[in-house]
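Asker: Would you be able to build a 3D model of this:
(one chain, ligands or ions: 1)
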Amino acid sequence: MDIQKLPKILNKLPPNWVERMEKVFYKIPAIKAQMETEYDNIMKEAEPSLKPYRGDFPSYSHLPPAGLDRADILRQLVALKDREEARWKEGYVSGAVYNGDPDFIDFLDQVYAIHSQANPLHTDVWPSATKFEAEIVAMTAEMLGASETDGPICGTVSSGGTESILLAMKTYRDRARELRGIRHPEMIVPVTAHTAFDKSAQYFGIKIIHIPVGSDYRADVAATSHAINHNTIVLAGSAPSFPHGAIDPIEELSTLARQHDIGFHTDACLGGFVLPWARKLGYPVPPFDFRLPGVTSMSADTHKYGYAAKGTSVVLYRGLELRRFQYFTASDWPGGLYFSPTLAGSRPGSLSAVCWASMVAMGESGYLDATRRILETAATIKQGIQTIPQLHLLGDPLWVLAFTSDTINIFQVMDYMQLKKWSLNPLQKPSAIHLALTLRHTQPGVAEKFIQDLQEAVAYVQANPLEKGGSAPVYGMAATLPLRGVIREMLRRFADVLYKV
Ligand SMILES: Cc1ncc(COP(=O)(O)O)c(C=O)c1O
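Answerer: Alright, predicted model coming up:
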């Protein structure tokens, strides 16, 4: 079977037919066997690049009989770090490491070491951890408009943007069940909302309705309004969205939610620590936070533009009552009276200490300056992209810059950029790539190098449009293949490979 020819045939069929056909097809032993062979072949090809250290470093599929020499272990760790560090440090990576300044990292590492044993679950042993978390929440809430609202804005610290979104959606589900008796809850989110919303729908049994975005990549308010029904528990929008850096019409969407007496979640995982400062700097930032009365919850990631180490985010609520639906409590467990505010039980208090330290070390002036540098660099890169006739930006983003081409294969451009060390994010529907700017990109010469390499990449792809190999065929197929079950299975196989020794 030539898998590459499938999209053309299947795209002519209605999607629900394709999905049903897919399920039936894979029950046929011959097809199943052929698919297995295809998956194996694709994974065999991918495996060497996913496991680059085989042969160069010792690997352990069982415990060493005796503990290894600590100095040797440290040498291995440093050698691994050395192989990986240059790329992100020099600013070749989209997103990922948002500060990365060596002195700042050293400072955060010291904080981690000081509090490495802390666990906020044990509130009696480490009240310092709860102090850090309460202050992280308060400072984030204040930045996002708390003092301009009537009631309290409260929240919790979570392990990342995904957990913040999971928690908020669980909170709305439980509130709707308790207060309104809703047994078949639904949420409405733009197609561009982070997939953490889909994850929460899967995990918590909430039906998710995706609404389209317009040509500006912002959520369609009329379509949202149309989708609301008596089971709707929450609407959401992004400020900005991961794929295109577009800020949804949060004011209109949250007003709609308020009119229907349902929740509205602003996902400011990316923008929570940028947009307040961008607004102060005079950039056009539409309202997106608790200053809007219809916004009932928000997520803002301290481990992105809050510049903390990976592993923290903040989820915020309008009012203490709403937050209580997030908590887990157990009154009859033989292990004692138990409660935990978030998904995990035990948690790394060290990361909360690091997050707190990052915030107080940055201060308002630090965030303002960081935002200024990022947005100025983004403007330079945006201008550079606009000078390349084969490319165009999607929407009108501030610092998450998605671009594509109508004339050349954008994934081939990404492959060429990869050869030049750049790690960009591939997007689909439409096919595009993006660069999420961080402080790493504000280093002298990085923006210029990006544009120079991009010009070279475009010229190369234009001259060699039929060149085979690289990831372009895989991304091209993944973007257009209607057999979404095949793609999802491929992702599962991919995860399997990651866990191979
Ligand atoms: C807008 C948005 N929301 C949520 C998330 C999820 O964050 P995390 O990867 O920390 O779970 C991201 C991640 O990039 C994001 O960009």
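Asker: okay, CA-based contacts and neighbour counts for the rest of this
Answerer: Will do.
Asker: Mind telling me which residue of the stretch 301-450 of the chain is nearest the ligand?
Answerer: Residue of the stretch 301-450 of the chain nearest the ligand, by Cα to the nearest ligand atom: Asp301 (6.6 Å).
Asker: Let me see the contact set for that residue.
Answerer: Contacts of Asp301 were listed using Cα atoms under 8 Å, 6 or more residues apart in numbering, and they are Gly160, Gly161, Ala268, Cys269, Leu270, Gly272, Phe273, Thr312, Ser313, Val314.
Asker: count of residues packed around the fourth one?
Answerer: The local packing of Cys269 (other Cα atoms under 10 Å) involves 31 other residues.
Asker: swap in Arg175?
Answerer: A total of 21 residues lie near Arg175 under the criterion other Cα under 10 Å.
Asker: Make 828 the starting number, not 1.
Answerer: Understood, numbering begins at 828; the last thing we discussed is Arg1002.
Asker: what's the distance between it and Ile1089?
Answerer: Noted for Arg1002: a distance of 10 Å to Ile1089, by Cα to Cα, to the nearest Å.
Asker: likewise Ile980?
Answerer: For Ile980, the distance to Ile1089 equals 17 Å [Cα to Cα].
Asker: ok so, going back, and the residue of the stretch 1128-1277 of the chain closest to the ligand, its phi and psi?
Answerer: As for Asp1128, its main-chain torsions (degrees, to the nearest 10) stand at phi -90, psi 110.
Asker: helix or strand right after the helix or strand harbouring Glu960?
Answerer: Glu960 belongs to helix 954-970 when assigned by DSSP states H and E. Where DSSP H and E defines the elements, the next helix or strand beyond helix 954-970 is strand 980-985.
Asker: Now do that following strand and helix 954-970, the angle between them.
Answerer: 130 degrees (axes from the mean of the first three to the mean of the last three Cα atoms, to 10 degrees).
Asker: in its sheet, what does strand 980-985 sit against?
Answerer: If you go by DSSP bridges, strand 980-985 pairs up with strand 1140-1145 (antiparallel).
Asker: what does the partner strand contact?
Answerer: Strand 1140-1145 is contacted from outside by 963-964, 967-968, 978-988, 991-992, 994-995, 1096, 1117, 1122-1130, 1150, using Cα under 8 Å, 6+ apart.
Asker: picking that back up, go through the contacts of Asp1128 and say which is closest to Asp1242.
Answerer: Checking the contacts of Asp1128 against Asp1242 with Cα to Cα, the nearest one is Leu1097 at 25.6 Å.
Asker: show me what contacts the residue lying closest to Thr989 once chain neighbours are set aside?
Answerer: Spatial nearest neighbour of Thr989, excluding adjacent residues (Cα to Cα, 6 or more residues apart in numbering): Ala1023 at 5.2 Å. Counting by Cα under 8 Å, 6+ apart, Ala1023 touches Gly988, Thr989, Glu990, Ile992, Leu993.
Asker: Skipping adjacent residues, who's closest to the last one in space?
Answerer: By the measure of Cα to Cα, 6+ apart, the closest residue to Leu993 outside its immediate chain neighbours is Ser1027, 4.9 Å from it.
Asker: Roughly how far does that neighbour sit from the ligand?
Answerer: Distance, Ser1027 to the ligand, by Cα to the nearest ligand atom, to the nearest Å: 12 Å.
Asker: Could I get the full set of strands for this structure?
Answerer: For the chain, the strands defined by DSSP state E cover 980-985, 1013-1017, 1034-1038, 1059-1065, 1090-1095, 1124-1127, 1140-1145, 1155-1157, 1165-1167, 1218-1220, 1227-1232, 1252-1254, 1259-1263.
Asker: Sheet partners, orientation included, of the longest one?
Answerer: In this case it means strand 1059-1065. Partners of strand 1059-1065 in the sheet, by DSSP bridges, are strand 1013-1017 (parallel), strand 1090-1095 (parallel).
Asker: Can you name the residues of this structure sitting close to the ligand?
Answerer: The chain has residues Gly987, Gly988, Thr989, His1021, Ser1065, Ser1068, Phe1069, Asp1094, Cys1096, Leu1097 near the ligand, with proximity defined as Cα under 6 Å from any ligand atom.
Asker: Please tabulate the residues you listed in TSV, including the columns pLDDT.
Answerer: Converted to TSV, the residues of the chain next to the ligand look like this (pLDDT from 0 to 100):
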residue	pLDDT
Gly987	98
Gly988	98
Thr989	98
His1021	98
Ser1065	98
Ser1068	98
Phe1069	98
Asp1094	99
Cys1096	98
Leu1097	98
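Asker: give the contact list for the residue in the stretch 1028-1177 of the chain that the ligand sits nearest to.
Answerer: Closest residue of the stretch 1028-1177 of the chain to the ligand, Cα to the nearest ligand atom: Phe1069 (4.0 Å). Applying Cα under 8 Å, 6+ apart, we find Phe1069 in contact with Thr1019, Ala1020, His1021, Leu1097, Val1227.
Asker: In contact with the closest residue to Pro1111 other than its chain neighbours, which residues?
Answerer: Take Pro1111 and drop its neighbours on the chain: the residue closest to it by Cα to Cα, 6+ apart is Ala1105, 7.9 Å away. When contacts are counted by Cα under 8 Å, 6+ apart, Ala1105 touches Pro1111, Val1112, Leu1195, Thr1198, Arg1199, Leu1202.
Asker: quick one: low-confidence parts of the chain?
Answerer: Within the chain, the segments meeting pLDDT under 70 span 828-835.
Asker: is it true that Thr1082 touches Arg1118?
Answerer: No. Thr1082 is beyond contact range of Arg1118, at 11.9 Å (criterion: Cα atoms under 8 Å).
Asker: Arg902: how many residues sit nearby?
Answerer: Using other Cα under 10 Å: Arg902 sits among 11 other residues.
Asker: Asn1252 too?
Answerer: Asn1252: 17 surrounding residues under other Cα under 10 Å.
Asker: Next up, the contacts around it.
Answerer: Shown in contact with Asn1252 (Cα under 8 Å, 6+ apart): Ser921, Ile1260, His1261, Leu1262.
Asker: wouldn't the first one be in contact with Arg1267 here?
Answerer: No. Because the distance of 9.3 Å does not satisfy Cα under 8 Å, Ser921 is recorded as not touching Arg1267.
Asker: Can you get me a residue count around the closest residue to Leu1218 other than its chain neighbours?
Answerer: Leaving out its chain neighbours, the residue that sits closest to Leu1218 by Cα to Cα, 6+ apart is Ser1232, at 4.6 Å. For Ser1232, the tally of surrounding residues (other Cα under 10 Å) stands at 19.
Asker: same deal with Phe931?
Answerer: Other residues lying near Phe931 total 16 when counted by other Cα under 10 Å.
Asker: Burial check on the closest residue to Phe1031 other than its chain neighbours, number of neighbours?
Answerer: Among residues not flanking Phe1031 along the chain, Lys997 sits closest, at 6.5 Å (Cα to Cα, 6+ apart). By the criterion of other Cα under 10 Å, Lys997 has 20 neighbours.
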